[in-house]
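Visitor: Sharing a model prediction with you, sequence too.
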Amino acid sequence: MTKKSATPADGQQPEALATFAASARNQGKKPGDIGLNATAETAPLPTSSKKKADAATKVLREGVLGTDQGAEEAVDRLPDRTRSS
């Protein structure tokens, strides 16, 4: 029986923003180690589906209603890979 590695990237696709950030750090070219499978650096960040849905709802409501619905604060509570890059 073969044991699979237990990295957070197993079976995951790379996150788009992580790929863009890696390309920006590599003079605008996608690094060779980024392919169809995520690495530990490009794996999706664990995030609560409820928090994502809440932020998305507030963003959409602000767009429709044209008034502050707390979208910026809700989005700021989500993990952001670009802040640590």
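Guide: Arrived safely.
Visitor: Flag every buried residue along stretch 12-28.
Guide: By neighbour count with 16 or more other C-beta atoms under 10 Å, stretch 12-28 contains the buried residues 14-15, 18-19, 21-22. For every residue, glycine as well, the C-beta is placed using N, CA and C.
Visitor: for this structure, which helix is longest?
Guide: With DSSP state H setting the assignment, residue counts place helix 49-65 as the longest helix in the chain.
Visitor: So what touches stretch 68-79?
Guide: With contact meaning C-beta atoms under 8 Å, 6 or more residues apart in numbering, stretch 68-79 is reached by 45-47, 51-52, 54-55, 58-59, 61-62.
Visitor: Tell me which residues of the longest helix of the chain come out buried.
Guide: For helix 49-65, burial by neighbour count (16+ other C-beta under 10 Å) applies to 54-55, 58-59.
Visitor: and what of stretch 26-38?
Guide: Neighbour counts over stretch 26-38 (16+ other C-beta under 10 Å) mark 34, 38 as buried.
Visitor: tell me the contacts of residue 19?
Guide: Residue 19 sits in contact with 30, 34, 42, where contact means C-beta under 8 Å, 6+ apart.
Visitor: now those residues as TSV including distance to residue 72, pLDDT and secondary structure?
Guide: Below are the contacts of residue 19 laid out as TSV (distance: C-beta to C-beta, whole Å; pLDDT from 0 to 100; DSSP: H, G, I helix; E, B strand; the rest coil):
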residue	distance to residue 72	pLDDT	secondary structure
30	31	85	coil
34	30	83	coil
42	26	82	coil
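Visitor: and residue 81, how many neighbours does it have?
Guide: Using other C-beta atoms under 10 Å, residue 81 is surrounded by 15 other residues.
Visitor: could we number from 71 for the rest of this?
Guide: In the new count, where the first residue is 71, that last one comes out as residue 151.
Visitor: List the contacts of it.
Guide: Per C-beta under 8 Å, 6+ apart, neighbours of residue 151: 85, 87-88, 91, 115.
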